[in-house]
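Q: Have a look; sequence and predicted model below, questions after that.
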Amino acid sequence: EAGVVQSPRYKIIEKKQPVAFWCNPISGHNTLYWYLQNLGQGPELLIRYENEEAVDDSQLPKDRFSAERLKGVDSTLKIQPAELGDSAVYLCASSFGGGGQETQYFGPGTRLLVL
Amino acid sequence: GNSVTQMEGPVTLSEEAFLTINCTYTATGYPSLFWYVQYPGEGLQLLLKATKADDKGSNKGFEATYRKETTSFHLEKGSVQVSDSAVYFCALSNRGAQKLVFGQGTRLTINP
């Protein structure tokens, strides 16, 4: 069974440029998460989807970040414009259900460097 | 709010040594507890989990017991191998918030 797929794996951009990350969750997983992982720290949730509905986006900086999950499968996270402080790893995860006990499966992440 | 505090790293051990990585948590209600591992260049993988008090999670020789009275979920392994070198994250998930809250991670290096 294929795991969570993310692309690109690495991205280098200049500040003020836009950037987008793509995630394909495990087939059948209705819940999708985007996490931000800064260097030397644990991941922090940006947004959680149940099917196509964003049910928790309280930590998403909405002035520059946006996300969508059309048709409740793939998801895209966008930053526009990027700032130096956005350099980090962006992780996507998926799970079946959302009750809190289920296992979240993570993709390899997209490592973003903003120059 | 919910939070996880992990033993600070980095931790360096010799092969076959006994490993303990401490993890304590603060949470409302009855969270589920997890240990995730991140090998170099790879994504996070679930190592083990426990969903209620006194449960023991185990996998690949690693164990952790959900201790509600001490709000702890310490990771242990009796004899580590070089291949165990990685970053280990303790995390909790609360039914109410339905998201993983991670500790800062502990980098483990095992020398042959």
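A: Everything's here; your move.

Q: Next, see if the host helix or strand of residue B:64 gets close to chain A.
A: Using DSSP states H and E, residue B:64 maps to strand B:62-65. No: residues of strand B:62-65 contacting chain A under Cβ under 8 Å from any Cβ of the partner chain: none, with a closest distance of 15.0 Å. Glycine gets a C-beta too; all of them are placed from N, C-alpha and C.

Q: That strand pairs with which strands, parallel or anti?
A: Using DSSP bridges, the strands paired with strand B:62-65 are strand B:56-59 (antiparallel), strand B:75-77 (antiparallel).

Q: Most tightly packed of the ones you listed?
A: Each of the strands paired with strand B:62-65 was scored by mean neighbour count; the highest is strand B:75-77, a mean of 20, by mean count of other Cβ atoms under 10 Å in any protein chain shown.

Q: Identify the residues contacting it?
A: Contacts made with strand B:75-77 from outside it, assessed by Cβ atoms under 8 Å, 6 or more residues apart in numbering or on different chains, are listed as B:18-21, B:23, B:35, B:47, B:61-64, B:84, B:88, B:90.

Q: ok, and the most crowded of those residues?
A: The residue in the contacts of strand B:75-77 with the most neighbours, by other Cβ atoms under 10 Å in any protein chain shown, is residue B:90 (30 neighbours).

Q: Give the full set of residues in contact with whatever residue of chain A ends up closest to chain B.
A: Scanning chain A for the residue nearest chain B gives residue A:42, at 2.9 Å (criterion: Cβ to the nearest Cβ). Applying Cβ under 8 Å, 6+ apart to residue A:42 gives the contacts B:4, B:89, B:91, B:102, B:103, B:104, B:105.

Q: What count of nearby residues applies to the fourth one?
A: The local packing count at residue B:102 equals 23, with neighbours defined by other Cβ under 10 Å.

Q: these two touch, right, it and residue A:43?
A: Yes: using Cβ atoms under 8 Å, residue B:102 is in contact with residue A:43, at 5.4 Å.

Q: which residues do those two both contact?
A: residue B:89.

Q: Can I take it that residue A:71 is in a helix?
A: Yes: Residue A:71 forms part of a helix when assessed by DSSP: H, G, I helix; E, B strand; the rest coil.

Q: Tell me where chain B has strands.
A: B:3-6, B:11-14, B:19-21, B:23-26, B:32-38, B:44-50, B:56-59, B:62-65, B:75-77, B:86-93, B:100-102, B:106-111 (DSSP state E).
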